[in-house]
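In: fold the following for me, if possible:
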Amino acid sequence: MSYNSEFRRSIDQRDDFWREQAEQIDWIEPPKTIWQPLDNGHGEWFPDGVMNTSDVALDANIRAGRGDQTALIYDSPVTNSQQTFTYNELRDEVARVAGALRDQNVGKGNRVIIYMPMIPQAAIAMLACARLGAIHSVVFGGFASHELAVRIDDAKPKALITASCGIEISRVIEYKPLVDKAIEEANHKPDTCVVYQRPQATATLQEGRDVEWNDMVANAQPADPVPVKSTDPLYILYTSGTTGKPKGVVRDNGGHAVALKYSMKLVYDADPGDVFWAASDVGWVVGHSYIVYAPLFNGCTTILYEGKPVKTPDSGAFWRVVQDHKVNMLFTAPTAFRAVRKEDPEADQLAKYDVSSLKRIFLAGERLDPPTYEWLKEHTGLPVLDHWWQTETGWAICCNPIGIEPMDTKPGSATVPSPGFNVQVVDPDGHQVAAGEQGQVAVKLPLPPSCLMTVWGDDERFQNSYLKTIPGFYTSGDGGFVDDDGYVFIMGRTDDVINVAGHRLSTGEMEEVVASHPAIAECCVVGAQDELKGQIPIGLVLMKDGATIDQDELEEELVEMVRDKIGAIACFRRAIVVERLPKTRSGKILRRVIRQIANGEEYNVPSTIDDPAILDEISSKFSQ
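Out: Take a look at the predicted model:
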């Protein structure tokens with residue numbers, strides 16, 4: 001079947017299309033109803049279906065004869081250790097932990113916060129919650145106590161699962177003091193705090209509340225999968241909100257399993273037995289979807305990596321993992337390869353490793369800048385495939401549908417809408433704009449399976465944030481355009497379009513030009529307020545290691561490049577060289593905070609920031 005026919009069928013014969021996809025997973029009671037609209041303008045997928053996510057991820061593979069296949073590989077350069085689990089071993093461990101949590105009175109519908117580093121116990125805890133029908137909410141290990149407290153009060157967990165520490169490149173971060181402080185601050189108090197003790201730090205346990213992981217599991221009886229409705233929540237995942245209060249994205253069980261199983265073939269062309277590596281963190285949606293759940297739904301081997309793309313120990317870290325574990329598909333954020341490219345611009349490290357197992361490289365999480373795309377293509381010779389999705393959707397809104405019909409890539413484009421996503425570029429009134437014209441990228445309702453059901457405890461916020469802005473559409477918050485061939489180009493958040501003397505210009509377009517300079521490893525362009533022109537663009541640039549160009553000369557060349565490619569109308573006149581760009585732990589550049597600094601405004605240090613000290617450096621640069 002061609003992409004076009006499959007896409008049209010997903011829109012025009014929606015129920016038939018998704019009924020077929022639902023048949024690809026093991027149900028306890030298969031659904032008769034495929035889609036059921038609700039009064040809130042949204043709806044439910046497979047509402048009368050009954051299943052269990054842990055059963056689909058683990059037990060179903062054992063029933064299919066894959067019990068002795070490797071399910072999970074843990075690779076930790078920061079502790080110099082590795083561990084593997086077959087499907088049999090992972091199922092048995094998950095069942096024991098689920099039984100132990102059941103002994104702590106955790107059951108169907110209870111919430112459990114998981115605050116852990118990138119260790120197997122994090123994935124095991126997630127799957128154990130799913131096995132019980134409990135709702136997990138993973139919070140990135142190392143988040144500040146206040147931010148954890150906010151999430152405790154919102155989710156009201158029965159239990160909190162943590163580890164004694166996380167390990168960064170040069171330091172050990174003790175988690176238990178952060179957890180204790182968060183529980184003290186929170187109004188809601190979890191009944192139980194489970195602590196996995198790591199050898200790098202020993203946590204002090206509070207009598208009556210805290211229990212050590214190994215003690216809890218020692219005498220537990222394994223738990224069988226608890227049947228849940230397709231529409232029962234699987235997890236809550238908090239994403240940044242514009243009000244400062246995080247939004248708890250709610251994911252269902254059935255739609256999630258169906259869509260993620262489908263996506264493994266559609267987006268990644270992954271077959272059972274393939275080794276799939278999403279180099280992310282379980283604290284983010286990529287870690288939920290493509291470290292823990294989708295690869296296991298699909299009978300793949302998944303890799304959980306406790307390290308960085310550089311400095312653990314060097315810029316060859318990713319290539320070493322590919323070689324050691326014979327990785328077939330690698331998925332990460334563009335920022336990871338920008339870091340590699342900065343430290344190893346000629347890809348000398350790549351030559352040291354045998355990466356012949358690698359079939360394709362996938363990038364998402366932020367806009368894939370063409371220089372990074374070209375660098376990867378040139379040095380690996382592999383297909384480099386961009387795709388675009390969000391925490392809210394859980395899988396790709398747009399992709400190169402290689403599992404159906406591979407398409408030519410266009411640098412800067414996430415290719416075409418995934419079947420099920422009726423993507424349109426519209427003006428503020430919801431009218432579709434012409435090909436090549438920029439507007440808001442939106443998805444015509446209904447959303448396909450696995451997209452958010454609501455915001456935890458606040459359906460009004462769900463409506464206001466996503467559905468009411470453009471009636472009949474899910475508003476993505478991203479701007480972009482569709483070209484004459486139907487390729488979708490995401491140019492950045494709609495608030496990254498700036499108005500220069502009445503002309504609306506994309507900062508993403510300017511970043512593309514700036515990043516193409518041979519001395520630039522990474523860049524960010526923001527709009528700063530200007531009395532005369534309303535806004536003017538300012539660039540922050542990170543130079544490649546070994547680049548020798550003078551900063552004034554670099555600025556002159558960048559100004560000239562933007563003038564040549566976009567025009568004098570862009571008014572790009574300033575490029576500031578910085579040591580680092582402020583980012584979230586998932587690698588997204590904090591453009592809003594940079595804008596606030598550029599405008600001399602008060603700003604809050606986001607809870608998701610990787611290194612708060614960088615903001616002081618940028619503030620001093622802007623004031624010079």
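
In: what's the span of stretch 585-603, first residue to last?
Out: Distance across stretch 585-603, first residue to last, is 19 Å (Cα to Cα, to the nearest Å).

In: which residues are contacting that stretch?
Out: Contacts of stretch 585-603 with the rest of the structure, by Cβ atoms under 8 Å, 6 or more residues apart in numbering, involve 140, 142, 280-281, 283-284, 286, 333-336, 365-366, 492-493, 495-496, 507, 524, 526-529, 538, 540, 581-584, 605-606, 608-610, 615, 618-619, 622. C-beta here means a position set from N, CA and C on the backbone, and glycine is covered the same way.

In: from the residues you listed, keep the buried residues only.
Out: Neighbour-count burial (16 or more other Cβ atoms under 10 Å) is assigned, among those, to 140, 142, 280-281, 283-284, 286, 333-336, 365-366, 492-493, 496, 507, 524, 526-528, 538, 540, 581-584, 606, 608-610, 615, 618, 622.

In: okay, and which of the contacts of stretch 585-603 map to strands?
Out: Gly492, Arg493, Cys524, Val526, Gly527, Ala528, Gln529, Ile538, Leu540 (DSSP state E).

In: among these, which one sits closest to Arg14?
Out: Of all these, Arg14 sits closest to Arg493, with 29.2 Å by Cβ to Cβ.

In: and Ile62, what is it in contact with?
Out: By Cβ under 8 Å, 6+ apart, the contact set of Ile62 is Tyr87, Asn88, Arg91.

In: for the chain, where's the lowest mean pLDDT among helices and strands?
Out: Sorting the helices and strands of the chain by mean pLDDT, DSSP states H and E puts strand 503-506 at the bottom, at a mean of 64.

In: can you list the low-confidence ranges for the protein?
Out: For the chain, the stretches with pLDDT under 70 are 240-244, 493-497, 499, 501-504, 531-532, 567, 586.

In: and the longest helix for it?
Out: helix 87-103 (DSSP state H).

In: and it, what's buried?
Out: Going by neighbour count (16+ other Cβ under 10 Å), the buried part of helix 87-103 is 87-88, 90-91, 93-103.

In: in the stretch 51-200 of the chain, which spans are strands?
Out: Under the criterion DSSP state E, counting those that start in this stretch, strands of the stretch 51-200 of the chain are mapped to 70-76, 81-86, 111-115, 135-138, 159-163, 165-167, 172-174, 192-196.

In: so what strands line up beside the third one?
Out: Sheet neighbours of strand 111-115, with direction, are listed as strand 135-138 (parallel), strand 159-163 (parallel) (DSSP bridges).

In: deepest in the core, which of these is it.
Out: Counting by mean count of other Cβ atoms under 10 Å, strand 159-163 has the highest mean neighbour count of the strands paired with strand 111-115, with a mean of 28.

In: with just CA atoms, put that one into PDB.
Out: Only the C-alpha atoms of strand 159-163 are listed here, as PDB (Å, rounded to 0.1, in the frame of the first residue of the first chain):
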ATOM      1  CA  ALA A 159       3.800   5.900  46.700                       C
ATOM      2  CA  LEU A 160       7.000   7.500  45.500                       C
ATOM      3  CA  ILE A 161       9.900   5.400  44.100                       C
ATOM      4  CA  THR A 162      13.400   6.800  44.000                       C
ATOM      5  CA  ALA A 163      17.100   5.800  44.100                       C
END
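
In: between it and strand 192-196, how big is the angle?
Out: Here strand 159-163 runs at an angle of 20 degrees relative to strand 192-196 (axes from the mean of the first three to the mean of the last three Cα atoms, to 10 degrees).

In: strand 159-163 vs helix 87-103, what angle?
Out: Using the same axes, to 10 degrees: strand 159-163 against helix 87-103 is 130 degrees.

In: which residues does strand 159-163 contact?
Out: 101, 104, 106, 110, 112-117, 119, 121, 125, 141, 152, 175-176, 179, 183, 190-198, 213.

In: how far off centre is it?
Out: Put simply, strand 159-163 sits 22 Å off its chain's centre (Cα atoms, centre = their mean, to the nearest Å).

In: again, but for stretch 324-337
Out: With Cα atoms, centre = their mean, you get 14 Å for stretch 324-337.

In: list the buried ones in it?
Out: Within stretch 324-337, the residues that qualify as buried are His325, Val327, Asn328, Met329, Leu330, Phe331, Thr332, Ala333, Pro334, Thr335, Ala336, Phe337, counting by 16+ other Cβ under 10 Å.

In: and stretch 443-463, by the same measure?
Out: By 16+ other Cβ under 10 Å, the buried positions in stretch 443-463 come out as 443-456, 461-463.

In: now Arg14, nearest residue through space, not along the chain?
Out: Counting by Cβ to Cβ, 6 or more residues apart in numbering, Trp35 is the residue found nearest to Arg14 once chain neighbours are left out, at 6.4 Å.

In: the one you found: how many residues sit nearby?
Out: 18 (other Cβ atoms under 10 Å).

In: check contacts around Ala515.
Out: Residues near Ala515 by Cβ under 8 Å, 6+ apart: Asp369, Pro370, Pro371, Thr372, Glu522, Cys523.

In: with neighbour count and distance to Val226 added, can I get those residues in JSON lines?
Out: Putting these into JSON lines (neighbours: other Cβ atoms under 10 Å; distance: Cβ to Cβ, whole Å) gives the following:
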{"residue": "Asp369", "neighbour count": "24", "distance to Val226": "45"}
{"residue": "Pro370", "neighbour count": "17", "distance to Val226": "48"}
{"residue": "Pro371", "neighbour count": "23", "distance to Val226": "49"}
{"residue": "Thr372", "neighbour count": "24", "distance to Val226": "44"}
{"residue": "Glu522", "neighbour count": "26", "distance to Val226": "46"}
{"residue": "Cys523", "neighbour count": "26", "distance to Val226": "49"}
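
In: take those residues and keep only those in strands.
Out: Secondary structure from DSSP E places Glu522, Cys523 of these in strands.

In: which one of the contacts of Ala515 is nearest to Pro406?
Out: In terms of Cβ to Cβ, no member of those lies closer to Pro406 than Pro370, at 19.9 Å.

In: these two touch, right, the closest one and Glu512?
Out: Yes. Between Pro370 and Glu512 there is a contact at 5.8 Å, judged by Cβ atoms under 8 Å.

In: list residues touching both of the two?
Out: With Cβ under 8 Å, 6+ apart, Pro370 and Glu512 have common neighbours Gly412.

In: returning to that earlier point: mind giving me the ChimeraX command for buried ones among the contacts of strand 159-163?
Out: Buried residues within these, by 16+ other Cβ under 10 Å, are selected in ChimeraX with:
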select :101,104,106,110,112,113,114,115,116,117,119,121,125,141,152,175,176,179,183,190,192,193,194,195,196,197,198,213
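
In: look up the closest residue to Cys165, ignoring the ones flanking it.
Out: Cys165 sits nearest to Ala201 (Cβ to Cβ, 6+ apart), 3.8 Å away.

In: the one you found reaches Ile167, doesn't it?
Out: No. With contacts counted by Cβ under 8 Å, Ala201 stays clear of Ile167, the gap being 9.1 Å.

In: please say which of these two ends up with more neighbours.
Out: A direct count of neighbours by other Cβ under 10 Å for Ala201 and Ile167 places Ile167 higher, at 22 against 16.

In: the stretch 1-150 of the chain: helices as residue ranges?
Out: Taking DSSP state H, counting those that start in this stretch, the helices of the stretch 1-150 of the chain run over residues 3-12, 14-22, 53-54, 60-63, 87-103, 120-132, 145-155.

In: repeat that for the stretch 251-400 of the chain.
Out: Here the stretch 251-400 of the chain has its helices, by DSSP H, counting those that start in this stretch, at 254-266, 285-287, 294-297, 317-325, 334-343, 370-380.
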